[in-house]
Every structure is written in C-alpha cells, then in structure tokens.
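Novice: The following block contains a protein sequence and its predicted model.
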Amino acid sequence: MNRFLSDIELASLGLALVVFLVTALLGCREWLDRQARPRQLSPEDQEHFVRRDRRRSTGLSILCLLALGIVIGSRTPIRVGLQPNAVFLGIWLAIFGLIMVLLMLALIDWHDLRRYARHKKNAIGRERLTILHEIDSWKSRKSDGDPPTADDSLAP
C-alpha cells in the first residue's frame, strides 16, 4: 500500500525525530560528563552521581519511548467505525503519563542538585572558617613574640 503521510503524521514524525535527536545529544553529553568525572570521589559524591546517572538514564529511556509513542500514536486512527479507538486513547494517555514522569524526574534532579550544591557550599564555608581560625591563631602567636615553629607555616 503506497500512501503519502498526512500533515499530522508528517508533523508527528518530525517531532519524534527532534525528540530522538535531543535524546541522542543528551546521551552524548551524559557520556562525556561521566568520562570527565574524577575516578576518586568521596562516598557521598559517588552516591550523588550514581543517583543522578540513574535518573538521567531513566529520563533518556523515557524520551525514546515518548518519541516512539508519538510516531505510533499519530498513525493510529482516532475512530474505529463510529466508536472511539481505545488503542489511540491508550497510546496518547501513556504519552501524557510519560511527560508527567519526565517532569517529576526533572524536579527530583533539580532538588537533588540543589541539596548537593548546598552541602558542598556549607563544606567550603566550614573549611574557610577553619583556615581563618588557623591564620588568626598563627597571627596571635606571632604577635606575642613567640619564635616561629614548624607548625606556624601556612604552606600545606
């Protein structure tokens, strides 16, 4: 059967191709990010990145399913005879469900990244305070006229 694609089928095919392309680009970006990541990470950092990688891989899989659903859904007839097509309705409800899952994954990723960044920021602040206290104690010992010791060095 040689039939041309309707306008809606052609537009849906174009949308699906764009979704596949975006998925491929995001997949490449994730792969490059994993390759650039240092191998020696703290257990907390490892846990964060494992959870993030799992979420993002799930998101990429869902995007592929979404693109496939768009192609299939656009080619499924809306009606069978005079009755609505339950398969058509099921496909498009599944597509909307996948979009909701993607949004939830994005919100969870955003929240987790904020929590991780806040923790790192607090760790940097604590380290800064420790260094400032060491500098103050070094200055106070130096101003008291104590001879410098090997511990007075600020060099690591």
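Specialist: Thanks, I have the structure now. All of these numbers come straight from a predicted model, not from anything done at the bench.
Novice: Report the distance from the longest helix belonging to the chain to the chain centre.
Specialist: Looking across the chain with DSSP state H, the single longest helix is helix 86-143. Mean C-alpha position of helix 86-143 versus that of the full chain (CA atoms, centre = their mean, to the nearest Å) differs by 11 Å.
Novice: Just name whatever secondary elements that helix is in contact with.
Specialist: Contact partners of helix 86-143 among helices and strands, from 3 or more CB pairs under 8 Å, 6 or more residues apart in numbering; DSSP states H and E: helix 43-75. In short, each C-beta sits where N, CA and C put it, glycine included.
Novice: so what's the backbone phi/psi at residue 40?
Specialist: According to degrees, to the nearest 10, the main-chain angles of residue 40 amount to phi -90, psi 100.
Novice: And the pLDDT for it?
Specialist: We have a pLDDT of 91 for residue 40.
Novice: Same question for residue 156.
Specialist: On pLDDT, residue 156 comes in at 50.
Novice: what does residue 143 give?
Specialist: For residue 143, the pLDDT comes out at 72.
Novice: Same check on residue 79?
Specialist: So, for residue 79, pLDDT stands at 89.
Novice: Spit out the contact partners of residue 8.
Specialist: Residue 8 makes contact with residue 74, according to CB atoms under 8 Å, 6 or more residues apart in numbering.
Novice: avg pLDDT for the helix or strand harbouring it?
Specialist: Following DSSP states H and E, one finds residue 8 within helix 7-36. Across helix 7-36, the average pLDDT comes to 94.
Novice: Equivalent analysis for stretch 104-119, please.
Specialist: 96.
Novice: Please spell out which residues along it are buried.
Specialist: Within stretch 104-119, the residues scored as buried using 16 or more other CB atoms under 10 Å are residue 116.
Novice: Check what contacts that stretch and list those residues.
Specialist: Identification of contacts with stretch 104-119 by CB under 8 Å, 6+ apart yields 44, 48, 51, 52, 55, 56, 58, 59, 62.
Novice: Any idea how far apart the tips of stretch 34-46 sit?
Specialist: Using CA to CA, to the nearest Å, the end-to-end distance of stretch 34-46 comes to 12 Å.
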